[in-house]
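[1] predicted structure and sequence below. I'll ask about it afterward.
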Amino acid sequence: MRVAIIGQQAFGASVLEAFLGRGDEVAGVFCAPEKPGARPDPLRAAAGERGLKVFQFASLKGEDAAAALRDLHVDLGVMAYVLQFVPQDFVNIPKHGTIQFHPSLLPAFRGPSSINWPIIKGEKLTGVTIFRPTDGLDEGPVILQKTAAIGPDDTLGTLYFERLFPQGVAAMLEAADAVVAGRHRELVQDEAAASYEGWCRDPEAQINWRAHLDTIHNLIRGCNPSPGAWTSVRGQKVRILDVRKHPARRFADVSGTPGTVCAIGKDSIEVTVQGGRLEVMKLRPDGGAKSSAAEFLAGLGMGVGTPITGE
């Protein structure tokens, strides 16, 4: 088939390579302009290396973008990690329309941080959806879905790179084949089951050490590696990364008030929280390198009984 790829970043580049790798023709690639001083966009770089036509419109809402897509005469538009708004008069240009990837089981977890939030909320199942893009955010009819389990120790990084990323690339190919062959079905999303979650950024990623162990553990997992759940330690903003939870089985398992350091090991520390103890193995001060939690606290002269957020 002859396709146009619309997207960016590593996922977009992998989708491009997947279509090319099986012999499809990529007539052109649309990706957002790179900001001055930013790293080269992986999709734009991969397309350039292949000698493909690359279009970097500041907006896809103009006639110039639509004219560029019309001139390609493609069978299908493939949206792979798109942050720009894509209007209907653009997505309807290809012969068989356009398909889009979303890393959740729509209609649940619509929105830009749809991998973070299921982990943060303690969900045990997520997945990928290929759907028809509409002017509503992640609201179009579903073509294909694949499920993925969320393990108790999964992080944003492990869930995405080990499951959702490769699963999503494969699902794009499968959905493209079905649409071009006319074998697909389009299922209207159930609005009664829909949920929307906004960005997971620093304001959402701040740790409340008086929350329950499960809540804190899930927040840290869902923000690792980005944006990184954080707390303030001696005036420094510190990202808490690798953690392990130790639920309390009896009263003797809890020592100290919530938010205080209750044990320091060779490489890790333990913090008392509601429902047990949170072991912190790795952390990273903003502007600094990743280090063991025990090493970091020792450098600050903090010991057992010290509030983790203490001055």
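    Received it, and whenever you're ready, just let me know what you need. What you see is a predicted model, and the numbers here were worked out from it, not measured in a lab.
[2] please, where are all the helices along the stretch 151-300 of the chain?
    Assigned by DSSP state H, counting those that start in this stretch, the helices in the stretch 151-300 of the chain fall at 156-159, 165-181, 202-205, 213-222, 293-299.
[3] what sits against the residue of the chain most remote from its centre?
    When distances to the mean C-alpha position of the chain are computed (CA atoms, centre = their mean), the maximum falls on A252, with 38.8 Å. Counting by CB atoms under 8 Å, 6 or more residues apart in numbering, A252 touches no other residue. C-beta: built from backbone N, CA, C; applies to glycine.
[4] any stretches of the stretch 201-311 of the chain with poor pLDDT?
    By pLDDT under 70, the low-scoring segments of the stretch 201-311 of the chain are 310-311.
[5] kindly recompute the last result at 90.
    250-256, 309-311 (pLDDT under 90).
[6] which residues in it form strands?
    Along the stretch 201-311 of the chain, the segments classed as strands by DSSP state E, counting those that start in this stretch run 230-233, 236-240, 243-247, 261-264, 269-273, 276-280, 282-285, 291-292.
[7] V78 is in contact with I5, isn't it?
    Yes. Between V78 and I5 a contact is recorded at 5.2 Å, counting by CB atoms under 8 Å.
[8] anything in contact with each of the two?
    The contact sets of V78 and I5 overlap at 15, 19 (CB under 8 Å, 6+ apart).
[9] name the SS class of F90, please.
    helix (DSSP: H, G, I helix; E, B strand; the rest coil).
[10] OK, contacts around the residue nearest the centre of the chain?
    Centroid check for the chain by CA atoms, centre = their mean gives I115 as the closest residue, at 4.4 Å. Contact analysis of I115 by CB under 8 Å, 6+ apart lists 103-104, 126, 156, 159-160, 164.
[11] out of these, which is nearest to W230?
    L156 (14.4 Å; CB to CB).
[12] which residues touch that closest one?
    Applying CB under 8 Å, 6+ apart, the residues contacting L156 are 115-116, 119, 221-226.
[13] okay, those residues in TSV with distance to S195 next?
    Shown next, in TSV, are those (distance: CB to CB, whole Å):
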residue	distance to S195
I115	14
N116	14
I119	15
R221	20
G222	15
C223	19
N224	23
P225	24
S226	21
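[14] circling back: okay, the strands of the stretch 201-311 of the chain, which one's buried deepest?
    Ranked by mean neighbour count under mean count of other CB atoms under 10 Å, the strands of the stretch 201-311 of the chain are led by strand 269-273, which reaches a mean of 26.
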